[in-house]
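A.B. asks: compute the structure for the input listed below.
(one chain, ligands or ions: 1)
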Amino acid sequence: MNSKNKVSIILILIATVLIIGIGGYLIGKKQGQAESEATTQSTTEKITEAASEEKIEEATESEATEEKTTEAKSEEKKEEKDGDDNGDGAIYVKVTSNSPWEKDGGYGFQCDVMIKNDSSEEYDDWEIQITGFKDAEIENLWNAEYEIVDDVLKLKPVDFNKHIGAKSENKDIGMIVNVKSKDATKNIAKGGTLIVDGKVVAEADAAEKIREEKKKEREAKREPRPVEEGTPLDNHGALSVKGTDIVDKNGEKYQLRGVSTHGIAWFPDYVNKDAFQTLRDDWGANMIRLAMYTDEGGGYCTDGDKDKLKGLVSDGVDYATELGMYVIIDWHVLHDLDPNKNIDEAKLFFEEMSSKYADQDNVIYEICNEPNGSTTWDDIKKYAEVILPIIRNNDKDAIIIVGTPTWSQDVDTVIPDPITGQENIMYAVHFYAATHKENIRNKAKDALDAGIPVFISEFSICDASGNGGIDYDSADEWMEFINDNNLSYSSWSLCNKNETSALIAPECSKTSGWTDDELSETGQWLKDTISSK
Ligand code: IDC
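C.D. replies: Numbering: from 1, shown residues only. Model prediction:
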């Protein structure tokens with residue numbers, strides 16, 4: 001290699017490290033800011049709590065988030081290379097405001113702005129105008145310059161985000177807004193007008209229009225699933241795994257369709273019977289997944305309150321049982337990377353849970369959400385071979401879901417060496433439709449072809465960060481695959497956090513009985529999807 005080439009390679013490497021570093025930092029930072037919603041309810045006490053939680057999480061999350069962002073980027077690259085282009089779409093600016101908290105005699109809330117360019121046009125030096133800011137005061141605004149003129153918030157780029165690339169997304173702009181009355185938050189428009197060179201390139205209602213169009217398209221195709229008489233549990237009883245299928249007590253193929261909570265430590269209010277009943281009766285869900293983070297701030301194995309967390313799991317299982325629904329107890333490995341890190345806690349936890357629920361037909365154990373980092377299938381299998389006998393000693397036949405490497409994407413690594421000598425074991429495949437596409441489906445397909453039972457215990461239709469734009473086309477492809485293969489699924493996540501994967505609209509603080517307008521765009525999609533054939 002000549003020295004010119006060497007210099008260029010070194011420069012490219014430095015540039016890549018810088019881009020990934022800055023990108024990861026910014027996204028990590030923003031996620032930390034958004035986490036405050038976990039407790040943005042009414043009291044100052046809660047805000048203080050949120051602030052400290054935010055700090056803890058900012059410190060603990062950024063690593064996993066950064067890794068995921070890098071991964072998301074390389075996946076996206078791969079997809080581009082594979083030529084999986086869904087054609088030319090529109091450009092729009094989406095504005096989301098979360099549920100306000102009381103503050104200094106008024107209210108504060110977080111508002112995020114996303115520029116999504118699904119077209120192949122590129123733009124520079126933009127301005128965004130958002131209405132509804134008449135009585136608002138901006139306390140803090142990141143990644144843009146701003147001024148308020150009358151009712152309109154005008155945003156201009158800072159140096160690094162001047163350019164809007166083709167098929168790109170900018171979700172780094174956000175702000176904390178203070179208003180006098182709670183109602184003032186409702187004035188903030190849900191979209192922004194995008195102006196480039198004095199010309200409007202996206203109207204303020206562009207995002208809303210796309211949402212409505214997609215809803216109409218779904219309605220046109222929709223064949224409602226008939227409402228079952230009696231509860232899912234009464235009708236289908238103890239489930240088991242036959243081949244790659246879940247079958248019910250009558251030996252008929254059965255599909256679990258459900259909703260995952262967010263971390264129960266951060267969003268405990270959604271673990272309530274009315275919420276589960278709404279999901280069962282209005283959405284047609286037959287399963288709930290209770291996600292208990294193990295290693296992040298507030299997690300079970302770090303500084304979380306173990307008794308409180310176990311109490312929430314126990315309440316959640318009881319509500320699901322009373323409603324005749326199936327329920328997954330999810331040991332939400334994420335920041336810990338390798339489930340072996342907290343295996344001693346896991347042993348005690350699953351001993352306690354499996355002895356408590358040994359006689360119930362509706363409890364499913366997910367023993368490690370998403371091993372990641374350098375964790376191999378071999379590492380996971382070793383962990384499983386310790387945890388499975390503990391559960392089996394109490395509960396002979398419950399379905400147990402085992403996570404797979406790379407955030408439960410690499411189920412193909414199980415093929416040569418599955419767990420043997422155990423019935424009713426399934427393997428997790430997780431996807432976020434805007435990031436994970438055919439390449440992950442192919443892994444799942446290879447596993448199914450090899451007789452490995454797959455459970456989609458977590459997914460969403462946005463990107464792997466849990467945020468960003470929705471990829472409806474990819475979501476459709478996934479749902480077709482899921483239904484063709486009778487796969488069971490549960491969707492991330494039941495909360496109103498200001499992120500795309502949250503199922504409840506960020507401005508809605510109700511914890512059950514949601515109307516369609518109170519669901520997020522993802523929530524509406526999921527409800528339509530679960531309740532259709
Ligand atoms: C995300 C949440 C986000 C939270 C973060 C903590 O959506 O609010 O701040 O975790 O690290 C997963 C994980 C799931 C992630 C989700 C989105 O199982 O915990 O939730 N995701 O990033 N795997 C792929 C994506």
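A.B. asks: contacts and neighbour counts: CA atoms only from here.
C.D. replies: Noted.
A.B. asks: quick check: the gap between Ala202 and Lys209.
C.D. replies: 11 Å (Cα to Cα, to the nearest Å).
A.B. asks: who has more neighbours, those two?
C.D. replies: Ala202 (20 against 13; other Cα atoms under 10 Å).
A.B. asks: so who does the more buried one touch?
C.D. replies: Taking Cα atoms under 8 Å, 6 or more residues apart in numbering, we find Ala202 in contact with 91-93, 192-195.
A.B. asks: apply 7 Å and report the result again.
C.D. replies: Going by Cα atoms under 7 Å, 6 or more residues apart in numbering, Ala202 touches 91-92, 193-194.
A.B. asks: what's the spacing between Val158 and the ligand?
C.D. replies: Per Cα to the nearest ligand atom, to the nearest Å, Val158 is found 26 Å from the ligand.
A.B. asks: now do the phi/psi pair for that residue.
C.D. replies: Val158 adopts backbone torsions of phi -100, psi 180, taken as degrees, to the nearest 10.
A.B. asks: show me where the stretch 401-533 of the chain has its helices.
C.D. replies: Per DSSP state H, counting those that start in this stretch, the stretch 401-533 of the chain carries helices over the ranges 405-408, 438-449, 472-484, 521-530.
A.B. asks: quick one: closest of these to Leu153.
C.D. replies: helix 521-530 (24.1 Å; Cα to Cα).
A.B. asks: neighbouring contacts of that closest one?
C.D. replies: For helix 521-530, the surrounding residues in contact (Cα under 7 Å, 6+ apart) are 257, 283-285, 500-501, 503-504, 516.
A.B. asks: ok and the residue in the stretch 201-350 of the chain nearest the ligand?
C.D. replies: Nearest residue of the stretch 201-350 of the chain to the ligand, counting by Cα to the nearest ligand atom: Leu334, 6.5 Å away.
A.B. asks: let me see the ranges of the strands in the stretch 351-500 of the chain.
C.D. replies: Using DSSP state E, counting those that start in this stretch, the strands of the stretch 351-500 of the chain run over residues 363-366, 400-402, 425-432, 454-460, 489-494.
A.B. asks: tell me how far the fourth one is from the chain's mean position?
C.D. replies: Centroid displacement of strand 454-460 relative to its chain, using Cα atoms, centre = their mean, to the nearest Å, is 11 Å.
A.B. asks: rounded mean pLDDT for it, please.
C.D. replies: For strand 454-460, mean pLDDT is 98.
A.B. asks: that one vs helix 472-484, what angle?
C.D. replies: Strand 454-460 runs at 160 degrees relative to helix 472-484, counting by axes from the mean of the first three to the mean of the last three Cα atoms, to 10 degrees.
A.B. asks: tell me if strand 454-460 is near the ligand.
C.D. replies: No - judged by Cα under 6 Å from any ligand atom, strand 454-460 makes no contact with the ligand; its nearest approach is 6.9 Å.
A.B. asks: up against the ligand, what does the stretch 401-533 of the chain have?
C.D. replies: Residues of the stretch 401-533 of the chain lying near the ligand by Cα under 6 Å from any ligand atom: 407, 464-466.
A.B. asks: which intervals of the stretch 51-200 of the chain have sub-threshold pLDDT?
C.D. replies: Counting by pLDDT under 70, the stretch 51-200 of the chain shows low-confidence ranges at 51-87.
A.B. asks: all helices of it, in order?
C.D. replies: With DSSP H, counting those that start in this stretch as the criterion, the stretch 51-200 of the chain has helices at 184-187.
A.B. asks: what does stretch 301-308 contact?
C.D. replies: By Cα under 7 Å, 6+ apart, stretch 301-308 touches 294-298, 300, 345.
A.B. asks: hmm, I typed the wrong one, I wanted stretch 183-190.
C.D. replies: The contact list for stretch 183-190 (Cα under 7 Å, 6+ apart) reads 94-96, 130-133.
A.B. asks: check stretch 387-394 too.
C.D. replies: Contacts to stretch 387-394, defined as Cα under 7 Å, 6+ apart, come from residues 347, 350-351, 354-355, 358.
A.B. asks: quick one on the thing from earlier: in TSV: the contacts of stretch 183-190, plus neighbour count and distance to the ligand.
C.D. replies: Output for the contacts of stretch 183-190, formatted as TSV (neighbours: other Cα atoms under 10 Å; distance: Cα to the nearest ligand atom, whole Å):
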residue	neighbour count	distance to the ligand
Lys94	23	19
Val95	20	18
Thr96	22	15
Ile130	23	25
Thr131	20	27
Gly132	17	27
Phe133	23	27
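A.B. asks: and those residues, which two are furthest apart?
C.D. replies: Once Cα to Cα is applied, these give Lys94 and Phe133 as the farthest pair, at 15.7 Å.
A.B. asks: number of nearby residues for Leu256?
C.D. replies: Neighbours of Leu256 using other Cα under 10 Å come to 23.
A.B. asks: to clarify, my last question referred to Gly304.
C.D. replies: Per other Cα under 10 Å, the neighbour tally for Gly304 reads 17.
A.B. asks: confidence score at it?
C.D. replies: In this model, Gly304 is scored at 97, pLDDT.
A.B. asks: how near is it to Glu296?
C.D. replies: Distance from Gly304 to Glu296, by Cα to Cα: 9 Å.
A.B. asks: and Asp150, by the same measure?
C.D. replies: 43 Å.
A.B. asks: looking only at neighbour counts, state which of the two leads.
C.D. replies: More crowded of Asp150 and Glu296, by other Cα under 10 Å: Glu296, with 24 against 11.
A.B. asks: mind checking the SS state of the more buried one?
C.D. replies: coil (DSSP: H, G, I helix; E, B strand; the rest coil).
A.B. asks: that one contacts His335, doesn't it?
C.D. replies: Yes - checked against Cα atoms under 7 Å, the pair Glu296 and His335 is within contact range at 6.0 Å.
A.B. asks: ok, Leu155 touching Ala144?
C.D. replies: Yes - under the criterion of Cα under 7 Å, Leu155 makes contact with Ala144 at 6.1 Å.
A.B. asks: neighbour-wise, which of those two wins?
C.D. replies: Counting neighbours by other Cα under 10 Å for Leu155 and for Ala144 shows that Leu155 has the greater number, 22 against 19.
A.B. asks: quick check: closest non-adjacent residue to that one.
C.D. replies: Tyr146 (4.6 Å; Cα to Cα, 6 or more residues apart in numbering).
A.B. asks: enumerate every residue touching the one you found.
C.D. replies: Applying Cα under 7 Å, 6+ apart, we find Tyr146 in contact with 153-156.
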